[in-house]
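Asks: quick one: sequence plus predicted model below, questions after.
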Amino acid sequence: MYTTAWCPYCIRARHLLKHKGVEFEDLRIEGRMDLRAEMEARSGRTSVPQIFIGELHVGGYDDMAALEHAGKLDALLAGEQP
């Protein structure tokens, strides 16, 4: 997950994943032009967070929250294909 320390949506995404007991890599892009460029190349987006489950681009926090609300997030986190 590509994030910044201060972004409220990044904080929400971290909280949701921690609440679910999921280990994740938190790639902080502030001051890291290399990581920002990598994020933009992988996701096609410039905003944070950009969340990936494995190689699947989930999107931002709102996208991940929608998956959770629809009952689909746990399956993705378990490695099941959408």
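Replies: That came through, no problem. The shown structure was predicted, so the numbers you read here are calculated from the model rather than taken from an experiment.
Asks: which of the three states applies to the residue lying farthest from the centre of the chain?
Replies: For the chain, the residue at maximal distance from the C-alpha centroid (CA atoms, centre = their mean) is Gly31, at 18.8 Å. Look at Gly31: counting by DSSP: H, G, I helix; E, B strand; the rest coil, its state is coil.
Asks: please apply the same query to Gln81.
Replies: On the three-state scheme (three-state DSSP), Gln81 is labelled coil.
Asks: near it, how many residues? Count them for me, please.
Replies: Other residues lying near Gln81 total 7 when counted by other CB atoms under 10 Å. From N, CA and C alone the C-beta is placed, and that goes for glycine too.
Asks: cool, and Ala41?
Replies: 8.
Asks: which ones are touching Thr3?
Replies: Residues near Thr3 by CB atoms under 8 Å, 6 or more residues apart in numbering: Cys10, Ala13, Arg14, Asp26, Leu27, Arg28, Ile29, Val48, Pro49.
Asks: where along the protein do the strands fall?
Replies: Assigned by DSSP state E, the chain shows strands spanning 2-3, 27-28, 51-53, 56-59.
Asks: a markdown table please, covering these and showing mean pLDDT and distance to Gln81.
Replies: Shown next, in a markdown table, are the strands of the chain (pLDDT from 0 to 100; distance: least, CB to CB, whole Å):
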| stretch | mean pLDDT | distance to Gln81 |
| --- | --- | --- |
| strand 2-3 | 98 | 22 |
| strand 27-28 | 98 | 24 |
| strand 51-53 | 97 | 11 |
| strand 56-59 | 97 | 8 |
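Asks: out of these, nearest to Asp74?
Replies: Proximity to Asp74 (CB to CB) singles out strand 51-53 among the strands of the chain, at 11.0 Å.
Asks: roughly how far is the closest one from the heart of the chain?
Replies: Centroid separation between strand 51-53 and its chain, computed with CA atoms, centre = their mean, to the nearest Å, is 5 Å.
Asks: mind checking how far stretch 45-53 is from the chain centre?
Replies: Distance, stretch centre to chain centre, for stretch 45-53: 5 Å (CA atoms, centre = their mean).
Asks: also stretch 2-17?
Replies: How far stretch 2-17 lies from its chain's middle: 8 Å, per CA atoms, centre = their mean.
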